[in-house]
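Novice: Just a sequence and a predicted model for now, questions to come.
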2 protein chains.
Amino acid sequence: VKVAGLPYRSVWRDGDRVGIIDQTRLPYEFHSLRLARVDEVAHAIRSMQVRGAPLIGAVAAHGFALAMRDNPSDRALEATAELLLHTRPTAVNLRWAIDRLTARLRPLASASRAAAAGEEAAAIADEDVAINLGIGRHGLQLIRTVAKTKGKVNILTHCNAGWLATVDYGTALAPIYLAHDEGLPVHVWVEETRPRNQGLLTTWELGSHGVPCTLITDNAGGHLMQHGKVDLVLVGADRVTAAADVCNKIGTYLKALAAKDSGVPFYAAVPTPTIDWTIRDALKEIPIEERSADEVLFVNGIDDTGSVARVRIGTENLAAANPAFDVTPARLITGIITDRGIARATRAGLANLYKQAA
Amino acid sequence: VKVAGLPYRSVWRDGDRVGIIDQTRLPYEFHSLRLARVDEVAHAIRSMQVRGAPLIGAVAAHGFALAMRDNPSDRALEATAELLLHTRPTAVNLRWAIDRLTARLRPLASASRAAAAGEEAAAIADEDVAINLGIGRHGLQLIRTVAKTKGKVNILTHCNAGWLATVDYGTALAPIYLAHDEGLPVHVWVEETRPRNQGLLTTWELGSHGVPCTLITDNAGGHLMQHGKVDLVLVGADRVTAAADVCNKIGTYLKALAAKDSGVPFYAAVPTPTIDWTIRDALKEIPIEERSADEVLFVNGIDDTGSVARVRIGTENLAAANPAFDVTPARLITGIITDRGIARATRAGLANLYKQAA
């Protein structure tokens, strides 16, 4: 999505370095970084300078290319895969990207690996953009349908599944951008998404693009649905199983329960690389990242001098737990919006879509 | 609950003034205030220096007594009732206390009103303490039962329904204090409860009393329940209908949905004055307070110099909505813990309890 003064994509190759936007400083400060080595890329993923399942995959692929340029040996190839794989455990796009790189590079002679890795990283990024446009076009149909009967369309979203979370366009936000661009009257309820407040990335994105939106606490979504103030819930995903269980940012499950309870359609926007066909039991098998307690105990914002500041909300020695994702069972989900179309959230629904499209 | 250096109760009469703890400064600073006039009391309720349905009722009663001391005329009586009633719309305890004062005072000669109001306020406060001890004793049975089969008891709570929210002991926390005091191994998951983070009042209370607790975001409770890490959910209430629908702090509904989905017992602790027998349709008739957007957009904490500071998390001109309460339908609730016993969360359950006890 084009925003004045910003690069067109959330990750790009800049000569011999990889460009990213430092998302830990958004929405308060816009800073881009140039990463020169794979360990800087690993740090960027771990520290959430880049985040969002699709973007993590694309950035990791670019990091792989940097590593192969520096050392294309078999040993370095395996070490790079290990290093990158262990930066974040939950999103499957990371593993998918690394597997794709290693499958392409292992058979090659060392001398060819750097160039091939660069090509593969570029292809992954380009494909992500195409995938998200596909999701946008399919999801747009849902918004058009609501707009026909209700006029204004109120969409609730959790976390950030916009262009910042992908290479471009976003997943859950792609249909919203397309709807807004064709003049449909959309309004987005954006949940702040504690503890890291990625909802503020979403309000920043939407605001930059002129899409009307309102920030709410994570507690408020159920109440709004009970009172008919939400027409559609659109969220992203970090890993989706063949049975259509959706692992996404912590708190997604609560909104799916509320949507089901109030009869509000709940859709997850899922790029094909986010589907993990190997998982049988989502609740038992998907590793849920437990992040630092400090993410709960400290909050970033702007102080009264206008500077970025961090305050500690917890008292000294307060214990905090911080699971970063949860699993929404397929039974609570209306449908899965993929780049190949919209599937019912069932094993058969996903299988049919991928059979037809194959 | 006795905490070293703190007054025994959350509201008290101090000569010709009313003492309260300024809860907007907790958990960072402990300050008590002495309120000299009813308009100061109204401000304290409105600005949430005091909060929690039972405490609001008791503080309003004390404010009424101050007003009658200053001017016991019929006109002042009605104006005082109006002033106090409009400080907060959702908790019914406020209306209950005001109705009780006006019913007692209207028939009296002006000269007798100040003394009678003071007596009535003291009686309301004393009764609140007795009610909460009753809730504590009934709720303790539930914790004992879980402890027998599971050993350690993991309880999840939302917002603050402790001694700070009442005159003493608390509602949802009363059973926890009693359980801890008799040596049962309880651990409390405390939700931070955005936007005002009353969960930090709860961790402060529990920590002061030595009860093990862990702070979590409001997003995390569903995930913990899915994974068997919660044995019991205990929350307070701001208004409960005859049909046992529970209006409580925003986000309570989401936790009740999750508890139902995972088969975790969900109880609301409800003093008798919190039951509003007049409401027929909780979702339509209970007024849900919409508070300032700034409560969502700004966060209090401690900055790196150790001072209390406020940061703005939202960007300039960001819209925010801030409904402060939601309604949990009775069908999601296991039971209502009252001072008269534990009722099934049905119209018949509550009616039977109050018939038997009447």
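Specialist: On my side now, so go ahead.

Novice: rest of the way, CA atoms for contacts and neighbours
Specialist: Will do.

Novice: Could you list the low-confidence segments of chain A?
Specialist: A:1-7, A:356-358 (pLDDT under 70).

Novice: Which helix in it has the most residues?
Specialist: Scanning chain A for the longest helix, with DSSP state H as the assignment, gives helix A:110-150.

Novice: In terms of secondary structure, what does that one contact?
Specialist: With contacts taken as 3 or more CA pairs under 8 Å, 6 or more residues apart in numbering or on different chains; DSSP states H and E, helix A:110-150 sits against helix A:53-70, helix A:92-105, strand A:153-157, helix A:173-181, strand A:335-338, strand A:341-344.

Novice: That one to helix A:92-105, inter-axis angle?
Specialist: Interaxial angle of helix A:110-150 relative to helix A:92-105 (axes from the mean of the first three to the mean of the last three CA atoms, to 10 degrees): 150 degrees.

Novice: Spit out the contact partners of the residue nearest the centre of chain A.
Specialist: Closest to where the C-alpha atoms of chain A average out (CA atoms, centre = their mean) is A:Gly52, at 3.0 Å. By CA atoms under 8 Å, 6 or more residues apart in numbering or on different chains, A:Gly52 lies in contact with A:Asn160, A:Ala161, A:Leu164, A:Ala165, A:Thr166, A:Asp238.

Novice: hmm, 7 Å instead?
Specialist: By CA atoms under 7 Å, 6 or more residues apart in numbering or on different chains, the contact set of A:Gly52 is A:Ala161, A:Ala165, A:Thr166.

Novice: mind listing what A:Ala293 touches?
Specialist: Here A:Ala293 is in contact with A:Ala320, A:Ala321, A:Asn322 (CA under 7 Å, 6+ apart).

Novice: and what of A:Leu215?
Specialist: Contacts of A:Leu215 by CA under 7 Å, 6+ apart are A:Trp189, A:Val190, A:Glu191, A:Glu192, B:Ala319, B:Ala320, B:Ala321.

Novice: Is chain B within reach of the host helix or strand of the second one?
Specialist: In this structure, A:Val190 sits in strand A:186-191 according to DSSP states H and E. No: in terms of CA under 7 Å from any CA of the partner chain, no part of strand A:186-191 sits within range of chain B; the closest distance is 8.9 Å.

Novice: Please save the CA atoms from that strand in PDB.
Specialist: Provided in PDB are the C-alpha atoms of strand A:186-191 (Å, rounded to 0.1, in the frame of the first residue of the first chain):
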ATOM      1  CA  VAL A 186     -16.200   0.800   5.900                       C
ATOM      2  CA  HIS A 187     -15.300   1.500   9.500                       C
ATOM      3  CA  VAL A 188     -12.900  -0.600  11.500                       C
ATOM      4  CA  TRP A 189     -13.000  -1.300  15.200                       C
ATOM      5  CA  VAL A 190      -9.300  -1.900  16.000                       C
ATOM      6  CA  GLU A 191      -8.500  -3.800  19.200                       C
END
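
Novice: okay, the angle between the next helix or strand after it and strand A:186-191?
Specialist: Next along the chain after strand A:186-191, taking DSSP H and E as the criterion, comes helix A:199-209. Orientation of helix A:199-209 against strand A:186-191 (the same axes, to 10 degrees) gives an angle of 160 degrees.

Novice: Using PDB, write out every CA atom in whichever helix or strand comes after helix A:199-209.
Specialist: Once the chain leaves helix A:199-209, the next helix or strand it forms, by DSSP H and E, is strand A:213-216. Extracted C-alpha coordinates of strand A:213-216, given in PDB (Å, rounded to 0.1, in the frame of the first residue of the first chain):
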ATOM      1  CA  CYS A 213     -11.200   3.400  12.400                       C
ATOM      2  CA  THR A 214     -11.800   3.500  16.200                       C
ATOM      3  CA  LEU A 215      -9.400   2.100  18.800                       C
ATOM      4  CA  ILE A 216     -11.000  -0.100  21.500                       C
END
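
Novice: rewinding a little: export the contacts of A:Ala293 to CSV and append columns for secondary structure.
Specialist: As requested, the contacts of A:Ala293 are exported to CSV (DSSP: H, G, I helix; E, B strand; the rest coil):
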residue, secondary structure
A:Ala320, strand
A:Ala321, coil
A:Asn322, coil
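
Novice: Please list which of those residues are also close to chain B.
Specialist: A:Ala320, A:Ala321, A:Asn322.

Novice: Make a ChimeraX selection of the buried ones in the contacts of A:Gly52.
Specialist: The buried residues among these can be selected in ChimeraX (16 or more other CA atoms under 10 Å in any protein chain shown) with this line:
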select /A:161,165,166
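
Novice: Closest one of the contacts of A:Gly52 to B:His31?
Specialist: A:Ala161 (43.0 Å; CA to CA).

Novice: Relative to B:Arg144, how far out is the residue nearest to the centre of chain A?
Specialist: Distance, A:Gly52 to B:Arg144, using CA to CA, to the nearest Å: 44 Å.

Novice: likewise A:Thr328?
Specialist: According to CA to CA, A:Thr328 stands 32 Å off from B:Arg144.
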